[in-house]
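Chemist: I need the structure of the sequence given here:
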Amino acid sequence: MKILLVQPPKPEKALGGEDFSIFEPLALEYLAAGVAGDHDVRILDMRLDHDLDSFLRGYHPDVAGITSYTVHVNTVKRLFQLIKAFNPEIVTVVGGHHATIMPEDFYTPCIDIIVVGEGIFPFREIIRRLEKKMELSGIPGAIRTGNSTILLHQGDRNTDLDVLPFPRRDLTADYRKSYFSEWMKPLASIRTSKGCIFRCQFCALWKLTAGRYLTRKPEHIVEEMGTIEEKCVFFADDESLLDTKRMGVLADLIQRAGIRKRYFLYGRSDTIVKHPELIELWKKIGLERVFVGLEFMRDTDLKLIRKGSTVENNAKAVQVLKSLDIDIFPTFIIRPEFDRRDFADLRKYCLDLDLNFIGFSVLTPLPGTDLYNEVKDRLISSNYDYFDFFHTLISTTLSIRDFYRELTTLYKSSRSLKNRIKLMRKYPLRELPSLFRAYGDFLKRLDTLEQDYTVDFGKS
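Modeler: Okay, the predicted model is just below:
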């Protein structure tokens, strides 16, 4: 069978996303690995190649599968409409995070099957039955919805990450040089774990594994690492460092195997503070950058979102990483309730941290989170195109115009000139003009984001 797997682009009005990073479509590469031995499977990454029509006409797939985060929901449904318009006989399958959290959003005639949960083995069974012309409703866990869409819920059947095949990275060969995160390019991704033991109010990832932290054996990870050609590797985990003993073993095995790469991973500030020796060990084998969700400058705010860490931990973690000359990718959350004083205090706090790179996002009540359940009745928009971590979905204390002016100023003035220059030196000189253009376009869009509220939200 001919199987097309699609990574959707972000909506036109969404901000962020592939503007500054594009990670390889690991979920699709895993799906392909489950069926590619017996079928013709192709991956279309529409963040880099927007011509779906030409692809359909040149390939004529039997099955089309698309993955989706919340911000992609409307885009994905439009893509399926185009696919069905091209050929109504193409079997359409949706999966991914949002399909798992809120499958009912995909109850539409243009989608035949919704896969909830880890999709590799369910997708393999779907293809097997289609090939043999067997009833899909006979798959264990399958439910036929009112509009004839099949909902395939696998529950917790596949929790052993080591039984999963290695992702088919060869199917994204034409795109691989374009996968990046800021200056780390080309960048491969690898999954070493899934889930989280913490209960952050704004996150739904821990719910997908019922609060468990699932891990792969270090030996299995090293084996896969040996197949990755890129020098830069991103650990696409919900949280990479929780099992510190396992990460120590993994670092030792990577070193013994003679694998030398530049690593980028997630780490909680409290883990970094409690285990500086682990971070030092990883630095020795190539750890270059750590994504740390500092979130807030006040303990009261950290407690409100149930982060489980403290401002003191955050400051100490920054110092640990600085002492090891590891780049810090810190992020802060902007609450809609922030007033001018809050923005001013956060600017000063960031300047005092003396960081080269800082990310800010607006507190976003994603479906499936405890936060969403608490505020869903007072959302000012339910349009998924705006669930991008920059559009506020909750009324702001400041006017919308002033809120985005303050956020734009925060991006412009939360780092010293010295730190900005340090960051620029990480990029090849030839890439600086395009970097300046992209950042300038981002700031201009952020500063005018208020206009979306006048046009699409029906309020100023």
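
Chemist: Report the buried residues of the helix or strand of the chain with the lowest mean pLDDT.
Modeler: Least confident helix or strand, the chain: strand 142-144 with a mean of 85, by mean pLDDT, DSSP states H and E. Buried residues in strand 142-144, counted by 16 or more other CB atoms under 10 Å: A142. All C-beta atoms are positioned from the backbone trio N, CA, C, and that covers glycine.

Chemist: and it, what does it pack onto?
Modeler: Applying 3 or more CB pairs under 8 Å, 6 or more residues apart in numbering; DSSP states H and E, one finds that strand 142-144 contacts strand 150-153.

Chemist: List the contacts of the closest residue to D402 other than its chain neighbours.
Modeler: Using CB to CB, 6 or more residues apart in numbering and skipping residues adjacent in sequence, the residue nearest D402 is R340, 7.7 Å away. The contact partners of R340, by CB atoms under 8 Å, 6 or more residues apart in numbering, come to 398, 402, 406.

Chemist: How about A236?
Modeler: Residues in contact with A236 (CB under 8 Å, 6+ apart) are 23, 26, 189-191.

Chemist: what separates T192 from G211, distance-wise?
Modeler: Distance, T192 to G211, by CB to CB, to the nearest Å: 19 Å.

Chemist: returning to that earlier point: who does the least confident helix or strand of the chain pair with, and is each partner parallel or antiparallel?
Modeler: As defined by DSSP bridges, the strand partners of strand 142-144 come to strand 150-153 (antiparallel).

Chemist: Give me the next element, helix or strand, following the partner strand.
Modeler: Once strand 150-153 ends, the next helix or strand along the chain (criterion: DSSP states H and E) is strand 180-181.

Chemist: From the chain's centroid, how far away is that next one?
Modeler: 12 Å (CA atoms, centre = their mean, to the nearest Å).

Chemist: Equivalent analysis for stretch 351-371, please.
Modeler: 14 Å.

Chemist: First-to-last residue distance for it?
Modeler: From its first residue to its last, stretch 351-371 covers 29 Å (CA to CA, to the nearest Å).

Chemist: Can you pull the domain assignment for the protein?
Modeler: If you go by automatic domain parsing, the domain ranges for the chain are 2-153, 179-301, 335-460.

Chemist: circling back to that earlier point, neighbour-wise, which one of the contacts of R340 leads?
Modeler: Sorting the contacts of R340 by how many neighbours each has (other CB atoms under 10 Å) puts E406 first, at 20 neighbours.

Chemist: give the contact list for that residue.
Modeler: 338, 340, 343, 398.

Chemist: Ok, D370 next?
Modeler: Neighbour list for D370: 199, 201 [criterion: CB under 8 Å, 6+ apart].

Chemist: and the gap between it and K13?
Modeler: As defined by CB to CB, D370 lies at a distance of 27 Å from K13.

Chemist: And R57, by the same measure?
Modeler: 28 Å.

Chemist: Could you do P122 as well?
Modeler: P122 sits 33 Å away from K13, going by CB to CB.

Chemist: More neighbours: which of those two?
Modeler: Applying other CB under 10 Å to P122 and K13 shows that P122 carries more neighbours, namely 26 against 16.

Chemist: Would you mark the buried spots in whichever helix or strand that one is part of?
Modeler: Using DSSP H and E, P122 maps to helix 120-131. By neighbour count on 16+ other CB under 10 Å, the buried set for helix 120-131 is 120, 122-127, 129-130.

Chemist: Kindly report the same for stretch 322-332.
Modeler: Within stretch 322-332, the residues that qualify as buried are 324, 326-330, 332, counting by 16+ other CB under 10 Å.

Chemist: among those residues, which are in strands?
Modeler: 327-330, 332 (DSSP state E).

Chemist: Considering those, which is situated nearest to L302?
Modeler: F332 (11.2 Å; CB to CB).

Chemist: My understanding was that the closest one contacts D301; is that so?
Modeler: No - counting by CB atoms under 8 Å, D301 is not a contact partner of F332; they are 9.9 Å apart.

Chemist: coming back round to it: between the contacts of A236, which is closest to F357?
Modeler: Closest to F357, out of all of the contacts of A236 and judged by CB to CB, is F23, at 17.2 Å.

Chemist: Thanks a lot, catch you later.
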